[in-house]
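>>> Generate a structure from the sequence data that follows.
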Amino acid sequence: MGVGTMTADVATFFKSDLGVLVGKVILVAVMAVVARCVERVLTRMTREGLEKADVPNASIFVNVVRGTVWIIALLMILQPVFGVAPNALITSLGAASIAVSLGLQTTISNLVGGLTLMVTKTIKPGDYITVNGITGQVTDVSWRDTTVRDRLGNAVVVPNSQLNSSAITKIAVRQANMTSLDVTLKAGYDVADACAKIREAADKALGRTADPASATRVVCTATGSDGTKVSVYFDVDPSVTFQAATDAVVRALEGASYLA
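As a prediction, the model looks like this:
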């Protein structure tokens, strides 16, 4: 079989229905590979650009870039694969934009809210905040919501639109790492001596989980016939939950002769 015959056979195959289908599948596969490569390059460039521009590096920017790349890739294969002109599709979407915007009102509000939070640097990953009774560290801001991890280890997901319409309190790192425990000293017991023993016991119980930059504080809050009430304040590493730290201190103080 000559080269000319083989070329003719290939041309005939791709003119057939099966050949057209195979050609479309190949085109889609090639476009997907190209889009994936472009997405990875642009994602890396976006992260590097955000770092140089001192803009919070959150997944919302990366997600917007990824979404744009895949939308462009889809528009490029609409005509050759599905026989739909991109202009016609865009025109149709424009006519239905009102209905679409109403159906996606919450999603659009969250997307705009997330972009606003990042561009204005209201919050960024790593910040400690309190919002709507939730206190914790911001771990990520996506196109739809913001993830806040509290000191119990729970990941709380807050819609971006709520963050834009609620009062947000930024907390200093030291305050965010601080927890407390209330105890009562026996009436008549030497307060200074008891406070020193509580501090020593707490430091020993916390060990390396305590924040070395902040010492344990014991503060007297009230006194009465039943004894003196004190609050023990201690700072712990962000990787340790308040519940675990408090439990360790309570166990260390259990049975102490100076406690009521």
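>>> So what does Val141 look like in phi/psi?
The phi/psi pair for Val141 (degrees, to the nearest 10) reads phi -120, psi 110.
>>> And it, how far from Val69?
Note on Val141: its distance to Val69, by C-beta to C-beta, to the nearest Å, is 20 Å. For every residue, glycine as well, the C-beta is placed using N, CA and C.
>>> Can you give me the pLDDT of the residue nearest the centre of the chain?
In the chain, the residue lying closest to the centroid (C-alpha atoms, centre = their mean) is Asp140, at 2.1 Å. For Asp140, the model assigns a pLDDT of 87.
>>> Which of the three states applies to the spatially closest residue to it that is not a sequence neighbour?
Closest residue to Asp140 apart from its sequence neighbours, by C-beta to C-beta, 6 or more residues apart in numbering: Thr147 at 4.8 Å. Going by DSSP: H, G, I helix; E, B strand; the rest coil, the secondary structure assigned to Thr147 is strand.
>>> pretty sure Thr147 is touching Asn160, no?
No. Assessed by C-beta atoms under 8 Å, Thr147 is found out of contact with Asn160, at 10.9 Å.
>>> low pLDDT regions in the stretch 1-150 of the chain?
Within the stretch 1-150 of the chain, the ranges that satisfy pLDDT under 70 run 1-19, 53-58, 86, 88-104.
>>> all strands for it, in order.
Counting by DSSP state E, counting those that start in this stretch, the stretch 1-150 of the chain has strands at residues 128-131, 134-141, 145-149.
>>> how much distance is there from the first one to the middle of the chain?
Okay, so that is strand 128-131. 13 Å (C-alpha atoms, centre = their mean, to the nearest Å).
>>> now do the second one
The gap between where strand 134-141 is centred and where its chain is centred comes out at 6 Å by C-alpha atoms, centre = their mean.
>>> same thing with the last one?
Between the mean C-alpha location of strand 145-149 and the chain-wide mean there is a distance of 5 Å, by C-alpha atoms, centre = their mean.
>>> Parallel or antiparallel, which strands does it pair with?
strand 134-141 (antiparallel), strand 155-159 (antiparallel) (DSSP bridges).
>>> Give me the buried positions along the longest one.
Of the residues in strand 134-141, those with enough neighbours to count as buried (16 or more other C-beta atoms under 10 Å) are 135-138, 140-141.
>>> Give me the contact list for that strand.
56, 58-60, 114, 117-118, 123-129, 146-151, 154-156, 158, 160, 171, 176, 238 (C-beta atoms under 8 Å, 6 or more residues apart in numbering).
>>> just the buried members of these?
Here the buried ones among the contacts of strand 134-141, as counted with 16+ other C-beta under 10 Å, turn out to be 56, 58, 60, 114, 117-118, 123, 125, 127-129, 146-148, 151, 156, 158, 160, 171, 176.
>>> Which stretches in the stretch 101-250 of the chain count as helices?
Under the criterion DSSP state H, counting those that start in this stretch, the stretch 101-250 of the chain contains helices at 105-119, 160-165, 173-176, 191-206, 242-253.
>>> Please enumerate residues in contact with the fourth one?
Around helix 191-206, the neighbours that count as contacts under C-beta under 8 Å, 6+ apart are 183, 185, 210, 215-218, 220, 228, 230, 232, 234, 236, 245, 248-249, 251-253, 256, 258.
>>> phi, psi of Ala187?
phi -60, psi 130.
>>> mind checking how far it is from Asn132?
Ala187 is 42 Å from Asn132, by C-beta to C-beta.
>>> Then Ser214?
With C-beta to C-beta as the criterion, Ser214 and Asn132 are 28 Å apart.
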